[in-house]
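Chemist: pasting a predicted model and its sequence here:
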Amino acid sequence: MTSVITQAKMKYTRQYDAYSSAREKLETEIVKVETRLKSLRDKKTNPCCPSWIDLLLKPIAEAMLKHLPNRTFKILGPFGMTNETGVHFYKKRIKEKNKFKGDNCISITFRPAKLPDLTVVDYSVDTGHFEKGSIGEMNGMNHPSIPIQDDINWLLAFMLKKESE
């Protein structure tokens, strides 16, 4: 027969072991929750913003490319205060040193308006609003932004007209 003292010790040990095990499980769960909470806070602090270049400009360039046989395109930018972004359509199989000779490269420059709206830059017009050497002039702000029409043919005509000038 076990003594009262031994029984009490055994009861205490069982309850303490159960308590310790439950506490370890809680600590493990707390670490998991804290890790998840940190991940959620990081996502909230640094959300992945949709890219207007990937979601708007690239599909437009791809649609334009369908009308420009034997060409490839490259998107360059955004640049400057206005986020000007050029789409260059290069003739295929042209050596790098000849990419900008003649009509080997035709291009169009976009600016975001109030997204998802885009504009194109009309380089044929110089408003002179910003003085030579000013930040506005250096960022191309003397060239007006024209709202684009929801028509690939309009964009192609604008680009090809601009190229012929």
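Modeler: In hand now; what should we look at?
Chemist: in whichever strand or helix holds residue 154, what counts as buried?
Modeler: Residue 154 belongs to helix 152-164 when elements are defined using DSSP states H and E. Buried residues in helix 152-164, counted by 16 or more other Cβ atoms under 10 Å: 152, 155, 156, 158, 159, 162. (Glycine included, C-beta is placed from N, CA and C.)
Chemist: check the offset of it from the chain's centre.
Modeler: Mean C-alpha position of helix 152-164 versus that of the full chain (Cα atoms, centre = their mean, to the nearest Å) differs by 26 Å.
Chemist: what segments of this protein are helices?
Modeler: Counting by DSSP state H, the segments of the chain that form helices are 4-45, 52, 58-65, 135-138, 152-164.
Chemist: give me the residues contacting the helix holding residue 154.
Modeler: For helix 152-164, the surrounding residues in contact (Cβ atoms under 8 Å, 6 or more residues apart in numbering) are 60, 63-64, 67-68, 103, 106-108, 120, 122-124, 146, 148-149.
Chemist: and which of these is nearest to residue 76?
Modeler: Using Cβ to Cβ, the shortest approach to residue 76 within these belongs to residue 107, at 8.7 Å.
Chemist: okay, now the domains of this protein?
Modeler: Listed by automatic domain parsing, the domain ranges of the chain are 1-48, 52-164.
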